[in-house]
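Undergrad: Need a 3D model of the following:
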Amino acid sequence: MKKVRLLFWILVCSLGVAVVLFSNVQNRATKAFYQAVEPPLQPEIEYKSYTLPQSVVHTLLIPKASRFSVKPVVSPTLKLLENLAAKHQTFAAINGGFFDPVNQKTTSIVIREGALIADPKLNERFINNPKNAPYLDKMLNRSELRRYICGETIRYDITLRNEPIPDSCRLVDALGGGPSLLPELSLIPEGFADVAN
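TA: Sure thing, here's the model as predicted:
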């Protein structure tokens, strides 16, 4: 059976900063998407960069039958993305999730191997903030990247937190973030923005 290589989501747990890392155990060289993004050296991974009028978008396309996959890990301290990538001998890294800069606790959910490892409900500043109160239901139901095991198949999805797990699937990993960008930007439905007056 072919060995599976891992793509990691790293959450700086007490800080609520999540990071996604691709790990290739055979290739120990690290390529961290920190400031300058370099194309991956693996032929099975397709890297593209798109320059838009006000931004640059970097994408990695990982074929379904690739030896790369996705899994979260946790770091208890704040680290530079490139250092986390090196520590976990990863292929690529990107940021994900959110945290409260004052108490450094997560405002995003993270599930690893079926266990909840970061819960915004445990962040008292986030939950008890009166300014958040009108939006808290939306904020706790933000988009997340999910990894399921459905029979013999690994499946990925981006969906709202409260969406049910598909039939005959088991939720393995999830990384909260948002807002959803497609099919439309969901800033208001996910409590990232509101319209006044």
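
Undergrad: can you map out the helices along the protein?
TA: In the chain, the helices defined using DSSP state H lie at 81-87, 124-127, 136-139.

Undergrad: ok, and which of these has the densest surroundings?
TA: Among the helices of the chain, helix 81-87 has the highest mean neighbour count (mean count of other Cβ atoms under 10 Å), at a mean of 19. Any C-beta I mention is one placed from the backbone N, CA and C, and that applies to glycine too.

Undergrad: ok, back up a step: I'd like the helices of the chain as JSON lines, with distance to Ile62 appended.
TA: What follows is those, written out as JSON lines (distance: least, Cβ to Cβ, whole Å):
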{"stretch": "helix 81-87", "distance to Ile62": "16"}
{"stretch": "helix 124-127", "distance to Ile62": "32"}
{"stretch": "helix 136-139", "distance to Ile62": "30"}
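
Undergrad: Could I get those helices in JSON lines, plus columns for mean pLDDT?
TA: What follows is the helices of the chain, written out as JSON lines (pLDDT from 0 to 100):
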{"stretch": "helix 81-87", "mean pLDDT": "80"}
{"stretch": "helix 124-127", "mean pLDDT": "96"}
{"stretch": "helix 136-139", "mean pLDDT": "96"}
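
Undergrad: now the protein, which segments are flagged as low pLDDT?
TA: Low-confidence segments of the chain (pLDDT under 70): 1-43, 69-77.

Undergrad: could you redo the last one with a cut-off of 90?
TA: Flagging of the chain using pLDDT under 90 yields the residue ranges 1-49, 55, 57-106, 112, 117-118, 152-156, 177-178, 181-183, 195-197.

Undergrad: closest one to Tyr156 among the helices of the chain?
TA: helix 81-87 (20.6 Å; Cβ to Cβ).

Undergrad: State the distance from Val57 to Thr159.
TA: For Val57, the distance to Thr159 equals 21 Å [Cβ to Cβ, to the nearest Å].

Undergrad: More neighbours: which of these two?
TA: Thr159 (15 against 9; other Cβ atoms under 10 Å).

Undergrad: My guess is that one contacts Asn141. True?
TA: No - if you go by Cβ atoms under 8 Å, Thr159 and Asn141 don't touch, sitting 10.2 Å apart.
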